[in-house]
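K.L.:
Sequence and predicted structure are below.
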Amino acid sequence: MTNPFVELDEQRLTAELEAVLLPRLAGLLRGRAPGHCMRVADLDLNLMLALTDALRRDVPGALVHVLTDRTDLARSDDRYVTSTKLVELRNPDEASNLRHALLVFLPSNLRTSAEDSFGVATFEEIPVTGAYDELLQRLQNRIPTPLQATVRILFDQLGTWFAGHIEARVRFLLTAIVNSVDHETLGAALFELGLVPDLRLFSDQARALGRIQQNLKTVTALTTSDLSVRGRVLDLNLVDRTLQRRLMQMLLDMGTADPRRWTRQIILDRKNWELTFDKWRFADEGNPDRISICAVKTDLPVVREETDTQLQGLVGQQVLTPQTRRKLTLTFQVDPHPSQVAGLDYFTVQLMTREAGTGNSSTPLGLSKRVKAWKAKRTTCTVTLDKLNRVAFPEEGGWCFLRVLPWTTQGDPVPTEPGRSQTDDDGFVTTPSNESEPFFVIPSNTDFEEEERPQRAIPRADSVQHARLRVQFKVAREGRDPSAIRPDALVWDEQQKSRSRVRDMLRVTFRGEGSFNIPVVHSLQQLEAQYLTRPTELLQLELCIENGRLSTRERAPVTLPDLASSRHFLAARSEYFAAVRSGEDELVSQAADYDSLQERCMRYAEAYRDLLRDLYARLEAGVGKERTQALQEILHALLIDTLGIRIAHARNRHQVRQAALLSPLHPIRSLWFATWTAVGQRWLGAACNGPSEYISLVEEAILRRLAPLNIPPTLIRTVDTVYIPVDNLSPFWALYAEATEEDVRGLFSEVCSALQVAEPALSGAAVTGEALATRFERYLK
C-alpha cells in the first residue's frame, strides 16, 4: 500500500444510512392518513437531522421533527420540537382539522415532560433495526467479487467478538470503499473491527481462515489477559524483536482496553505500517504455506558412446569435470508463485555429494547460492554456480547433485510439497522433486592444492573481523553464500617481524579465499598484553614522552571496594580477557572473534554498568571521608584500561601536556566492537537479499565509515579535568586530550611518533591548509 489511508468520515456513514432509511420512511409518511403519529428511536442525532431535511423535501406537508428538551434550540431551529409543542402537533389544529402525518425522532437518553403523551399508545413505533443489515448487504455487493468470499469468512469468524458488531462491520466495508477498495485496503480497514490490520489477508483466500483466527486470538489475548502489558506482548512469542518492542511501546502509550484505539493507529500513522499483522511471525505458529519445487535441471553434458574406459560405465549419465568446466547452470520450477507463499523469502541452491551404499544420506560440499524470491510473473528460475574448481570434491570422484530449498526471512525452512522420487534399477539413489538428477564428478589428475595458486601479494586489514568482512563481501558479489566464511588459521607471522620490532604481523587465512596480514603496532601490543595477562588487577599505567623518547611507568593497581558487583565485574573481565588472549597464542583485540564474543562482551559491559551504579550509590549515601573515598573509587573505575600520557617539552620541562590513551579492552569499546561486528553481519545479509549493486556500497559503509570515534564521549581523569576525544590512533586505540588543549593535531602527531604509529588523517575531516602549515613548520624544526 503506497497511498495514505483515509479514515471514514462520519458524514459519509450518515449519508449511506440515509440512503437506506429515506425511501422506507418516505413511503410510510405518504401511506399514513392525516392525524397519524409515528416515532423513530435508536438513531444517531446527525442521521435524524439529515432524515428530517430529506423527508421534508421528499414528502411536502409532512410534519417531521426531532424531539429536544431545549426551548432555545427549538426556537432557533425549526427541525427541533419540544414535548409541549409535540403534543400540540399531535392534536387537531384550531379549526379542528387533522394535521398531516407526524413523524418524530427521539434521541437516545432524552428525558422530557409529558412523555406519556407520545408513548407507543399514541405514536406508532417505526423499527429501524434492520437498517445496518440492509446497508451491510449493499456494501458487500460493492466489494469486488474475488474478495467477497474472504469477507464472508471474516464475518463468520467474528462470532461474539465484542468489536465485531453490525455497526463495526458496516464501518469496516465503508472504510475500504472510501479508500478505493482492493485486497490491501480491506486488510487495512480491519481496525474498525478491533483487529490488527493485515495487508495480505485478502490476497490469499486459502490462508484467510487461519490468519483471521490467529488475529482474533492475538487481539483477545492482548485485551483480556491478566498479565502486564509487557507480559502480554512477550506471551505472544513474536519472532521479530524490533516489532515486539514497538508493539509493547504502543500498548504502553495507548492502553489495551479498547483494541480499536491502538489498531487504528497502526494504519493511520504511516510510521506504524511495519506493525501490520502480515509482518507478525510467531515462534509457535504452524507451518507456513507449502511450495512445490520441481523440474530441477542442469546444463551438464550427457555421456554418449565413449571409447574412453573411464567414461564407458557412465553412458547416458551427466558428468562434471571441475578442473575444465568451472561453472554450471541450474533451472528449477515452483508452484505456486513465490509471492503467494506466506513467509517465503529466498531459495538456496546447494551442491551435495552422496556416497554409494548410503541410500539417501548426503553431505554438503560447501558451495551454495542464495536466490531471492522473485516478484516477476514467472514460475521458473535460472541460477549459475561458478568456481567449481575450488570445491573440495572427493578425490576419487563420485555422485553429486544439486538441492533447492526454500527459506523464510528468519532462516526457517518452508515446507515443500512431496514430489515423486526416482530410483534406479539397483536402488542406488532416489531423486526428490527439489533435487537434480545425480551427476558424476570425474576426478582430476591434478591435486586441488596445486590448483590453488599462491597469492602474489597478501593484502592487509585492520583486524581479523575487517578481513573476514572483506572476504564475505567479495563472496557475496560473486553470488556465493558468505555466512560460512570463517578464519581457517590465525598465527603470528615470525618472518614479518622487523629487527626494530616496530610492527608485529598476524596472518589470518580463509580456506579457498587467501590470507590477510594484520599489522599490530608492537608498542601497543605490549601495552595491551600487560592488561590481558593481569585481568583482576586494574593497572594504572602512564606513558612519559620526553624528547620523543617513550617510557612506561606503573603505579599501584586500583583496588575496588568489596562489593558483589566488584567481584562480578572482575569475573566477567577475566572471562573476556581470556577469550581475547586465546591461551598460549597471546592474541590481542585485533585478532578477536567478536562474533563469538558477543555474549561475553555483553556480560562484561553489564557488569561494568552495575559496578558504576553501586559506586554511585555509595557516593550518594556517603558523608565526609566516606564520600571522598567513594568519589575516588568512582574515578578509578572510570579510568580502567586507560593510560595517562605525560609529554614534557625539551626546552621547558615544567611545561607539561597531559593526554590519555584508551585501550580496546575498555568495556564500552569492547561492546562497540561486538556491536559493530553484529551490525556488519546484519547489513551483509540485507545486502545479499537486495540488488547486487548495493553490496559494494554497504561494504564501504561498514568498513570505512563506521569507527568507534567518541566511544566513550569523555574521560574524567580528576574531579575538575575532562578529556575529550582527539582521534583514533588505529581502529582500536583512541587518544583523548584535555578540553583546553590548543594544538590537538600537534599532540596527536607527537603521540604517534613516540609510539611509532603511522599518523592517520583526522577522522571525518579533510586536512586543511592550516593543518598542513603546522605540520610543515614542525618538520622544519
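P.N.:
Okay, I see it.
K.L.:
Give the burial count for Phe172, as a bare number.
P.N.:
Per other C-beta atoms under 10 Å, the neighbour tally for Phe172 reads 26. Every C-beta, even on glycine, is put in place using the N, C-alpha and C of the backbone.
K.L.:
can you pull the contacts of it?
P.N.:
189-190, 192-193 (C-beta atoms under 8 Å, 6 or more residues apart in numbering).
K.L.:
Tell me which residues of stretch 612-623 come out buried.
P.N.:
612, 614-615, 618-619 (16 or more other C-beta atoms under 10 Å).
K.L.:
What is the nearest of the contacts of Phe172 to Ser696?
P.N.:
Among the contacts of Phe172, Leu190 lies closest to Ser696 (C-beta to C-beta), at 41.6 Å.
K.L.:
Confirm for me that that closest one is in contact with Ile266.
P.N.:
No - between Leu190 and Ile266 there is no contact under C-beta atoms under 8 Å: 9.4 Å.
K.L.:
quick one: which helix or strand includes Phe732?
P.N.:
For Phe732, there is no host helix or strand (DSSP states H and E).
K.L.:
Surely it is in contact with Ala591?
P.N.:
No - the pair Phe732 / Ala591 is not scored as a contact, 10.7 Å apart, by C-beta under 8 Å.
K.L.:
re the thing from before, can you redo the buried residues of stretch 612-623 as CSV with pLDDT?
P.N.:
Conversion of the buried residues of stretch 612-623 to CSV gives the following (pLDDT from 0 to 100):
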residue, pLDDT
Leu612, 92
Asp614, 91
Leu615, 91
Arg618, 87
Leu619, 87
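K.L.:
Tabulate the residues you listed in a markdown table, adding columns for secondary structure and distance to Leu51.
P.N.:
Below are these laid out as a markdown table (DSSP: H, G, I helix; E, B strand; the rest coil; distance: C-beta to C-beta, whole Å):
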| residue | secondary structure | distance to Leu51 |
| --- | --- | --- |
| Leu612 | helix | 70 |
| Asp614 | helix | 72 |
| Leu615 | helix | 74 |
| Arg618 | helix | 75 |
| Leu619 | helix | 73 |
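K.L.:
what stretches of the stretch 551-700 of the chain score poorly on pLDDT?
P.N.:
650-654 (pLDDT under 70).
K.L.:
before we move on, the earlier item: what touches both of Phe732 and Ala591?
P.N.:
Residues touching both Phe732 and Ala591 by C-beta under 8 Å, 6+ apart: Ser463.
K.L.:
And the residue nearest the centre of this structure?
P.N.:
Thr242 (5.5 Å; C-alpha atoms, centre = their mean).
K.L.:
Check whether it sits in a helix, strand or coil.
P.N.:
helix (DSSP: H, G, I helix; E, B strand; the rest coil).
K.L.:
From Asp743, how far out is it?
P.N.:
45 Å (C-beta to C-beta, to the nearest Å).
K.L.:
low-scoring stretches of the stretch 201-350 of the chain, by residue?
P.N.:
Using pLDDT under 70, the flagged stretches of the stretch 201-350 of the chain are 205-206, 284-289, 305-312.
K.L.:
any idea which residue of this protein is furthest from its center?
P.N.:
Ala95 (80.4 Å).
K.L.:
For it, give me phi and psi.
P.N.:
When read as degrees, to the nearest 10, the backbone of Ala95 gives phi -90, psi 10.
K.L.:
Report the separation between it and Ser228.
P.N.:
Applying C-beta to C-beta to Ala95 and Ser228 gives a distance of 73 Å.
K.L.:
likewise Arg39?
P.N.:
Arg39 is 49 Å from Ser228, by C-beta to C-beta.
K.L.:
With neighbour numbers in mind, choose between these two.
P.N.:
The residue with more neighbours, out of Arg39 and Ser228, is Arg39; 19 against 11, by other C-beta under 10 Å.
K.L.:
which residue sits closest to the more buried one, ignoring its sequence neighbours?
P.N.:
Phe123 (4.2 Å; C-beta to C-beta, 6 or more residues apart in numbering).
K.L.:
Report the contact partners of the one you found.
P.N.:
By C-beta under 8 Å, 6+ apart, Phe123 lies in contact with 37-39, 90, 104.
K.L.:
ok, now with 7 Å
P.N.:
Residues counted as contacts of Phe123 (C-beta atoms under 7 Å, 6 or more residues apart in numbering) are 37-39.
K.L.:
do the same with Asp504
P.N.:
So Asp504 contacts 492, 497, 520, 522, 525 (C-beta under 7 Å, 6+ apart).
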